[in-house]
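Colleague: sequence first, then the predicted structure, then my questions.
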Amino acid sequence: MIELSQLFFYLFAAMVLGVGLIVAFSKNLLRSAFALFFVLFGVAGLYVLLGGDFIAIVQILVYAGGVNVLLIFGTMLTADVSNPAKSNLSFQGILTALAAIGFFIVVYGIISSTNWGVITPAPMESTTRNLGILLLQDYVLPFEVISFLLLSAMIGALVLVIKGDQK
Amino acid sequence: MSLEGYLAVSAALFTLGIVMYVSRKNSIAILMGVELILNAAALNFVAFSRFTPSKVSQLDGQVFAIFIILMAAAEAVVALAIALSVYKEFKQIGADKLSTLKG
């Protein structure tokens, strides 16, 4: 008898890896960008299975709603999407695939041979309140630093794009 | 599901990101590879915070995953601004063709 959470784990893992293969190997860059949506949703599902409800929502809002839309716009503004053969070449495909398979085998060997000292997980509960307390007490300095980083990234992006127009 | 399962999914995602990062010529595709790698790292943090939590706080890994997501957003914004400026200047963004700075 297979547990329901195990079933969902296999479902989300297959979604992440199957669609991830499309992202990595599709000839059409726009197709890669749209497939990335489903990878991000699959990772959000894995977060839910790991008891991170807040972070799953953040993943969907920020990654799928923000970063990925930005990537799709960037693709359509720069690449010649109607001619994928010209805009999305890759090189040394077979050598890269072989090296990647070797890399994965090594990493998986290390993962399965290490004793991680796993303890029985505590029952899941809502994390939003505790995360908020952590962010505003223990991690308040990194929180401020990351806010400043976001602000400077925003201003930097504006400066980079506007400077090109004024010539 | 055990910790090893999540780590294996994360390692496979990381490998796909590396493949994309190494073998693609388009700068935006390279950026997508970086996003895959960052997702794999965040997944590792959340998995470890569930299965091997620290004594002080159970949620340290999730806080780090939030920081990773925010940093990925900042990085994507700046990288896309650079890609747009480069496209205005050179009319293409192939990583192998942008060799003006090469001596």
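Modeller: Structure received.

Colleague: just the helices in chain B please.
Modeller: With DSSP state H as the criterion, chain B has helices at B:3-23, B:27-51, B:60-90.

Colleague: could you check how far the first one is from the centre of its chain?
Modeller: The one in question is helix B:3-23. Between the mean C-alpha location of helix B:3-23 and the chain-wide mean there is a distance of 11 Å, by CA atoms, centre = their mean, to the nearest Å.

Colleague: repeat that for stretch B:60-74.
Modeller: Going by CA atoms, centre = their mean, the spacing between the C-alpha centre of stretch B:60-74 and its chain's C-alpha centre is 11 Å.

Colleague: with stretch A:28-39 instead?
Modeller: The answer for stretch A:28-39 is 12 Å, by CA atoms, centre = their mean.

Colleague: residues making contact with that stretch?
Modeller: Contact partners of stretch A:28-39, identified using CB atoms under 8 Å, 6 or more residues apart in numbering or on different chains, comprise A:15-16, A:19-20, A:22-24, A:26, A:64, A:68, A:71-72, A:75-76, A:79, A:81, A:84, A:87-88, B:13, B:26, B:28-29, B:32, B:35-36, B:39. In short, each C-beta sits where N, CA and C put it, glycine included.

Colleague: buried among the residues you listed? Need that as a selection in ChimeraX.
Modeller: Here is the ChimeraX selection string for the buried members of the contacts of stretch A:28-39, based on 16 or more other CB atoms under 10 Å in any protein chain shown:
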select /A:15,16,19,20,22,23,24,26,64,68,71,72,75,79,81,84,87,88 /B:13,26,28,29,32,35,36,39
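
Colleague: return the residues in contact with A:Ile57.
Modeller: Contact criterion CB under 8 Å, 6+ apart gives A:Ala44 as the residues in contact with A:Ile57.

Colleague: and it, how far from A:Ala64?
Modeller: With distances taken as CB to CB, to the nearest Å, A:Ile57 is found 11 Å from A:Ala64.

Colleague: overlap in contacts of the two?
Modeller: Between them, A:Ile57 and A:Ala64 share the contacting residues A:Ala44, judged by CB under 8 Å, 6+ apart.

Colleague: quick one: low-confidence ranges for chain A?
Modeller: Per-residue confidence of chain A (counting by pLDDT under 70) places the weak regions at A:1-2, A:80-91, A:163-167.

Colleague: which elements pack onto the top helix by length along chain A?
Modeller: Of all the elements of type helix in chain A, the one with the most residues (DSSP H) is helix A:140-165. Here helix A:140-165 is seen to pack against helix B:60-90 when contacts are counted using 3 or more CB pairs under 8 Å, 6 or more residues apart in numbering or on different chains; DSSP states H and E.
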